[in-house]
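> Predicted structure and sequence below. I'll ask about it afterward.
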Amino acid sequence: MHPATKPIRIAYLNPCGQLGGAEISLLDLLAGIRAAEPAWRLHLVVSENGPLVESAQELGVQVEVLPFPRALARWGDSGSRPFALWQAFKAMPGTAFYLARLRQALTAIKPDIVHTNGFKMHILGVWARPKGTPVIWHIRDYVSSRPLMKRLLRLHASRCAVAIGNSKSVARDIQQVCGPQPDAVCVYNAVNLAQYSPDGPRADLDSLSGMPLAEAGIVRVGLIATLAHWKGHAVFLRALAHLPAHLNYRAYVIGGAIYQTGKSQQTLDELRALAMQLGIADRIGFTGFVSKPADAMRALDIIVHASTQPEPFGRVIAEGMACGRAVICSAAGGALELVADGQDALTHEPGNYMALADRIAKLAQDADLRARLGKAGRATAERRFEVSRLAQEVIPVYRRTTARLAPATSAELAAAR
């Protein structure tokens, strides 16, 4: 069978079993590949049980849970360099044990490609892959922002066939850190446009927050994100505190802590204390983790993205646009590639809570503007973020990667002679 038509066996490696943005994007990819190439064998190895496991199995993906040792699970590269080095040192014995188990699992799968999703798995993947098996790194964050990981990825770059960045900004960052190898390509994330749509159920955000029912006609504004420090929760709260006193709004912080990495996240109690300090505790609700973010988005009039660091992609931006809601986003990184300011969203300077307050106030007082941005945002999402487009762009990457290793056919050898 010619390599272009031969079914491909892919092993995906992910360091988390929860459903953060990277995991939802991975599920979109798995769904797209499964629909486009039903004969392909898709396997997923994850480090913990969680909703990702069940969701992948529902797509027909073979899943194996291979738990990280505690020290490896908690090791992260987002704190100070001495702290990260100390965590890495403590994780070394457990990492060696885990690596042996991962190598055994991949040997049993016999993949044509190992596709890694997450920094820890990028390194573990090149160490554990069966001999001769190409590795594809799917990089959804800036490598240059990780003091240890950028050195590790640069060191192992020659062992990676292709690096997929989820924006042009990330792809450029990969090239700057790693050099010409591996090949760096941009494939934007996708959004399930049937799930994230203007029409559908709406979450009861007041009940989830333990707040009394808001009065009719109130404008609902929310930030939907994990509790990572750089997601801008404090900026959002400070912006709310600077809104005009007469503005009829209620705000929501939607999301919770989902990762095991130490010191990378804040707590809801810390955010509640800040809201109390700012005098807005009676106007903001904290829902915690929500299992159906699309329902939460449809319950909002304004969706705020407030990341203080350049956003690699900004999944909540694309999802909010797909839901037909007015979106405000931080104007940096890959997020800038998703929107046209004033046409399908509004932007603000990252970290500038006064500028964010101005954008929120502008939208809260102009229902026509909210409607116009929401309609244009939905059109942008339909044009740029449909799930089948994701598979159409990644499948050729898989085929090119496997074709490099495939033995030449007799016809190809004859043509070469």
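Received it, and whenever you're ready, just let me know what you need. Residues are numbered from 1 along each chain as shown.

> For residue 262, give me the pLDDT.
We note a pLDDT of 48 for residue 262 in this prediction.

> again, but for the one 4 residues further on
Note on residue 266: pLDDT of 86.

> Contacts only, for it.
Going by Cβ atoms under 8 Å, 6 or more residues apart in numbering, residue 266 touches 227, 228, 229, 233. C-beta here means a position set from N, CA and C on the backbone, and glycine is covered the same way.

> ok, residue 49 - contacts?
17, 65.

> how about it, phi and psi?
For residue 49, the backbone dihedrals are phi -70, psi 150 (criterion: degrees, to the nearest 10).

> Renumber starting at 278 from here on
New numbering, starting at 278: the last item is residue 326.

> Please tell me how far it sits from residue 344.
8 Å (Cβ to Cβ, to the nearest Å).

> rewinding a little: in ChimeraX, how would I select the buried members of the contacts of residue 543?
Per 16 or more other Cβ atoms under 10 Å, the buried members of the contacts of residue 543 correspond to this ChimeraX selection:
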select :504,505,510
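
> Just give me the closest of the contacts of residue 543 to residue 604.
Lowest distance from residue 604 to the contacts of residue 543 (Cβ to Cβ) belongs to residue 510, with 17.1 Å.

> quick one: the closest one and residue 578, what's the gap?
Look at residue 510 and residue 578: by Cβ to Cβ, they are 19 Å apart.

> do the same with residue 482
11 Å.

> Between the two, which is the more surrounded one?
When neighbours are counted by other Cβ atoms under 10 Å, residue 482 and residue 578 differ, and residue 482 comes out ahead with 22 against 19.

> For stretch 567-587, C-alpha coordinates in CSV please.
Output of stretch 567-587 as CSV, limited to C-alpha atoms (Å, rounded to 0.1, in the frame of the first residue of the first chain):
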residue,chain,number,x,y,z
VAL,A,567,-18.1,24.8,34.8
SER,A,568,-18.4,21.6,32.7
LYS,A,569,-20.2,23.4,29.9
PRO,A,570,-18.5,26.7,29.1
ALA,A,571,-20.6,27.3,26.0
ASP,A,572,-23.7,27.5,28.3
ALA,A,573,-21.8,30.0,30.5
MET,A,574,-20.8,32.1,27.5
ARG,A,575,-24.4,32.3,26.2
ALA,A,576,-25.5,33.6,29.6
LEU,A,577,-23.2,36.6,29.2
ASP,A,578,-23.5,39.8,27.3
ILE,A,579,-19.8,40.6,27.3
ILE,A,580,-16.9,38.1,27.4
VAL,A,581,-13.6,39.5,28.7
HIS,A,582,-10.2,38.1,27.9
ALA,A,583,-7.7,39.8,30.2
SER,A,584,-4.4,37.9,29.9
THR,A,585,-1.4,40.0,31.1
GLN,A,586,1.1,38.1,29.0
PRO,A,587,0.9,37.5,25.2
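
> Same question for that stretch: list its buried residues.
Within stretch 567-587, the residues scored as buried using 16+ other Cβ under 10 Å are 567, 570-587.

> ok, now stretch 472-485?
Neighbour-count burial for stretch 472-485 flags 473, 474, 480, 482, 483, 485 (criterion: 16+ other Cβ under 10 Å).

> Run the chain-centre distance for it.
In terms of Cα atoms, centre = their mean, to the nearest Å, the centre of stretch 472-485 is found 21 Å from the chain centre.

> can you list contacts of it?
Contact partners of stretch 472-485, identified using Cβ under 8 Å, 6+ apart, comprise 489-491, 497, 499, 527, 529, 531, 562, 564-565, 567, 569, 571-577, 596, 599-602, 651, 655, 658.

> about what we covered before: anything in contact with each of residue 482 and residue 578?
Contact criterion Cβ under 8 Å, 6+ apart; residues shared by residue 482 and residue 578: residue 497.

> Could you tell me which of the buried residues of stretch 472-485 belong to strands?
Within the buried residues of stretch 472-485, no residue falls in strands by DSSP state E.

> so which of these comes closest to residue 299?
The nearest member of the buried residues of stretch 472-485 to residue 299, counting by Cβ to Cβ, is residue 473 at 16.9 Å.

> how far away is that closest one from residue 516?
25 Å.

> ok, now residue 493?
Residue 493 is 25 Å from residue 516, where distance means Cβ to Cβ.

> So for the two, which residue has more residues nearby?
residue 516 (27 against 5).

> Was I right to think that one contacts residue 633?
Yes - counting by Cβ atoms under 8 Å, residue 516 touches residue 633, with 4.0 Å between them.

> what touches both of the two?
In contact with both residue 516 and residue 633: 581, 583, using Cβ under 8 Å, 6+ apart.
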